[in-house]
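Asker: Give me the fold of what follows.
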Amino acid sequence: MTFRVTHWLPLAITAFCLSHALPLSSKMINNFFYAGIALPAIAHFCAQQRDTLWAMTKTLLAPLALILVISIIAAESLSDLKFTLYLFLFALSLNLRNEGKSSAEKGLLFASLVWMVILSAITLHWAILSLEAGESIRYSQILGIQANPVHVALIIATSVGFLWIFHLEPILREKSTALYAVGFLSCVALFLLTVIIFQARSALVGLALFFAFSLYIQGKRAVIMLLVIAVGITLAIALGADDVLAHRGLSYRPAIWQDAIERLLLNCSLAWGCGHDDYLFAGRFPHPHSGYISVLYQTGVVGFSAFTLFALIFFLRGVRSQSRWLPVAMVGWGALITTSNGMFTSPSHPLWIYFWLPTLMCLLEQQEDAHRLPD
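Answerer: Numbers count the residues shown, from 1 in each chain. As a prediction, this is how the structure comes out:
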């Protein structure tokens, strides 16, 4: 059991992270999560590592209890409450360790490398289509399959951030300042390229937070990183990236958010929210286009207060442990300001990759065997 599960789960997590590049239905992805990730993880821990299972349960008890409170408020049926259980099982699978590394770190490494290959192919195809169109187009497919450009951009950005924080930065740290700067500039360039290709402005806030938290945890190297970021942004503006992103305007988000807040105040319970209704925001949009406003709208002040406490626990643990997962998680936390219909979804949603995976690992970072950044 030990050999099979510890070697299987990293591969399963790799497949799960790459599932959105394949023509798979939501049902197929969910079933793979249940049978290929959740069940093997809980079976292994119950049979082989009960002490670790108990330690992880205590670590996640407070944050997941808050998530359960939100789920109960927003639930339309009892089946909606299983979300918290799925999160717990996902955390178990991610934190299963072998040879000093977690399944999440191993699985996301392979998946991130594949996403870089996919990004290379996408960049070439996007350049050809843009030249034919005479302008920068918004790319919205993966390997010929129609896809949500925002979610794809966020998965790729998470992959870039992970590769930098966990693999490239530790190597370049020991090299010359010039080589370190070149490496980080390449990271910035990949981020900006992803945002431009998919015209995913929702990713910009997440990237800004990624850089901010990276600067915070890097100490003396922060000055170098700050200068590189400034150079990268200057080059992007010089190449017209700001015109490309500004071309789509604000996508009605201020009007959507205002309508959601007004409806909550005037037509629903401020304490408990509006639930999952069929209301069209600003007359045409099915959800508030913000994960945080969605939580407030659906669960009211009570649910939003529970989520605020969850966020507080997350940030305090991440900052206190100097978690390497913290800046990676910021990509998703920042993006949810302007995208998504909440964050309590089935495993088939890409949000489980760019939000929940790094968030859960950051929450678990305080354990004794967790990896930490060097001083």
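Asker: next SSE after the helix or strand of the chain with the lowest mean pLDDT?
Answerer: Taking mean pLDDT, DSSP states H and E as the measure, the helix or strand of the chain with the lowest value is helix 241-246, at a mean of 49. Toward the C-terminal end, the helix or strand that comes next after helix 241-246 (DSSP states H and E) is helix 253-267.
Asker: Centre of the chain to that next one, how far?
Answerer: Computed by CA atoms, centre = their mean, to the nearest Å, the chain-centroid distance of helix 253-267 equals 26 Å.
Asker: Output the contacting helices and strands for that helix.
Answerer: When contacts are defined as 3 or more CB pairs under 8 Å, 6 or more residues apart in numbering; DSSP states H and E, helix 253-267 sits against helix 291-321. From N, CA and C alone the C-beta is placed, and that goes for glycine too.
Asker: Name the residues of the helix it packs on that are buried.
Answerer: 291-300, 303-307, 310, 314-315, 317-318, 321 (16 or more other CB atoms under 10 Å).
Asker: Going along the chain from it, find the next helix or strand for me.
Answerer: helix 325-335.
Asker: Please enumerate residues in contact with the following helix or strand past that next one?
Answerer: Where DSSP H and E defines the elements, the next helix or strand beyond helix 325-335 is helix 351. Helix 351 is contacted from outside by 151, 332, 340, 343, 345, using CB atoms under 8 Å, 6 or more residues apart in numbering.
Asker: The second one touches residue 354, doesn't it?
Answerer: If I follow you right, that is residue 332. Yes - the criterion here is CB atoms under 8 Å, and residue 332 meets it with residue 354 at 4.4 Å.
Asker: who touches the residue nearest to residue 347 when sequence neighbours are not counted in this structure?
Answerer: Spatial nearest neighbour of residue 347, excluding adjacent residues (CB to CB, 6 or more residues apart in numbering): residue 33 at 4.0 Å. Counting by CB under 8 Å, 6+ apart, residue 33 touches 16, 86, 90, 347-348.
Asker: Dump the residues you listed to JSON lines, plus neighbour count.
Answerer: Conversion of the contacts of residue 33 to JSON lines gives the following (neighbours: other CB atoms under 10 Å):
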{"residue": "16", "neighbour count": "25"}
{"residue": "86", "neighbour count": "19"}
{"residue": "90", "neighbour count": "22"}
{"residue": "347", "neighbour count": "24"}
{"residue": "348", "neighbour count": "20"}
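Asker: quick one: which of the residues you listed is nearest to residue 202?
Answerer: Taking CB to CB as the measure, residue 202 lies nearest residue 348 of the contacts of residue 33, at 19.7 Å.
Asker: The closest one touches residue 26, doesn't it?
Answerer: Yes - if you go by CB under 8 Å, residue 348 and residue 26 touch, sitting 3.9 Å apart.
Asker: quick one on the thing from earlier: residues in contact with both of residue 332 and residue 354, list them for me.
Answerer: With CB under 8 Å, 6+ apart, residue 332 and residue 354 have common neighbours 154, 158.
Asker: Please save the CA atoms from stretch 51-64 in CSV.
Answerer: Extracted in CSV, the C-alpha atoms of stretch 51-64 (Å, rounded to 0.1, in the frame of the first residue of the first chain):
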residue,chain,number,x,y,z
ASP,A,51,-0.7,9.7,13.7
THR,A,52,-0.1,12.0,10.7
LEU,A,53,-3.8,11.9,9.8
TRP,A,54,-4.7,13.0,13.3
ALA,A,55,-2.0,15.8,13.2
MET,A,56,-3.4,17.1,9.8
THR,A,57,-6.9,16.9,11.1
LYS,A,58,-6.0,19.2,14.0
THR,A,59,-4.2,21.5,11.7
LEU,A,60,-7.1,21.9,9.3
LEU,A,61,-9.9,21.7,11.9
ALA,A,62,-10.4,25.5,12.4
PRO,A,63,-10.2,26.6,8.7
LEU,A,64,-12.3,23.7,7.4
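Asker: Does residue 279 belong to a helix, a strand or coil?
Answerer: Three-state call for residue 279 (DSSP: H, G, I helix; E, B strand; the rest coil): coil.
Asker: What sits closest to it if chain neighbours are left out?
Answerer: The shortest distance from residue 279 to any non-neighbouring residue, by CB to CB, 6+ apart, is to residue 263 (6.5 Å).
Asker: picking up where we left off before, looking at the residue nearest to residue 347 now. What's its pLDDT?
Answerer: pLDDT for residue 33: 96.
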